[in-house]
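Chemist: Build me a model from this:
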Amino acid sequence: MVDITGQRFGRLVARERAADLIYSGRPFTAWRCDCDCGASSVATASGLTRGLTKSCGCLRRETGKFKTVDITGRRFGRLIVVKRVGSRSGKALWACDCDCGTRGHETTQNQLQRGHAQSCGCLREEFLNLGIRKAMMPMFRPKAVKITYPIPETPYPGKSEFFNQVQRRMLQLR
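Modeler: Predicted coordinates for the structure are as follows:
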């Protein structure tokens, strides 16, 4: 074990040795560190010396993936983002206006940017009104719409009744 007391690693300065940290059943040498932001944290010696741990987490919050980009005024499908209204499950929550006239539809930034939210639900209703034959054609199928088909009485003709009962039950649970 090498004594790294007083050495600087990014924004962290090693203050004293802490109790070993256990990862996957293996002990790792740990150090209690002071961050430039004023917080203290515990980091492994290997994480510090290899450059994997540079701060208490403040660096990631300031510049990393947790920084929210302002998407006000941008269009995603039929939705236009109006304002940020908070967060849900650690993700930015935005109020959107839909082209159909719905105001204040809330969805997360993640859903918008990945294309999982494109309308307030009106797109899905229009899609389902097309009918099952057109709905199965790829040219009529919009993105981000869950397709629900009617459950047939006999899902697999020619199979035993027990097999069909199990399949019907599985389709109902979905």
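Chemist: where exactly do the strands run in the protein?
Modeler: Along the chain, counting by DSSP state E, strands occupy 8-9, 12-23, 26-35, 40-44, 75-76, 79-88, 91-98, 105-108.
Chemist: what about the longest one, distance to the chain center?
Modeler: Think strand 12-23. How far strand 12-23 lies from its chain's middle: 31 Å, per Cα atoms, centre = their mean, to the nearest Å.
Chemist: what comes up buried for it?
Modeler: 12, 13, 14, 18 (16 or more other Cβ atoms under 10 Å). All C-beta atoms are positioned from the backbone trio N, CA, C, and that covers glycine.
Chemist: I'd like the strands of the chain laid out as CSV, including mean pLDDT and distance to residue 57.
Modeler: Converted to CSV, those look like this (pLDDT from 0 to 100; distance: least, Cβ to Cβ, whole Å):
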stretch, mean pLDDT, distance to residue 57
strand 8-9, 94, 14
strand 12-23, 92, 11
strand 26-35, 93, 8
strand 40-44, 94, 7
strand 75-76, 90, 30
strand 79-88, 89, 17
strand 91-98, 90, 18
strand 105-108, 91, 22
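Chemist: can I get those in TSV with distance to residue 62?
Modeler: Converted to TSV, these look like this (distance: least, Cβ to Cβ, whole Å):
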stretch	distance to residue 62
strand 8-9	17
strand 12-23	15
strand 26-35	12
strand 40-44	15
strand 75-76	27
strand 79-88	17
strand 91-98	16
strand 105-108	22
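Chemist: Spatially nearest residue to the spatially most central residue of the chain, not counting backbone neighbours?
Modeler: By Cα atoms, centre = their mean, the mean C-alpha position of the chain lies nearest to residue 110, the distance being 6.3 Å. Leaving aside its sequence neighbours, residue 110 sits nearest to residue 91 (Cβ to Cβ, 6 or more residues apart in numbering; 5.1 Å).
Chemist: returning to what we had before: name the nearest of the buried residues of strand 12-23 relative to residue 83.
Modeler: Nearest to residue 83 among the buried residues of strand 12-23: residue 12, at 37.2 Å, using Cβ to Cβ.
Chemist: That closest one: what's it in contact with?
Modeler: Going by Cβ atoms under 8 Å, 6 or more residues apart in numbering, residue 12 touches 33, 34, 35, 36, 41, 43, 48, 53, 54, 55, 56.
Chemist: From these, list the buried ones, please.
Modeler: Buried residues within the contacts of residue 12, counting neighbours by 16+ other Cβ under 10 Å: 33, 34, 35, 41, 43, 48, 53, 54, 55, 56.
Chemist: Go through these and name the one nearest residue 118.
Modeler: Comparing the buried ones among the contacts of residue 12 against residue 118 with Cβ to Cβ picks out residue 55 as the nearest, at 37.7 Å.
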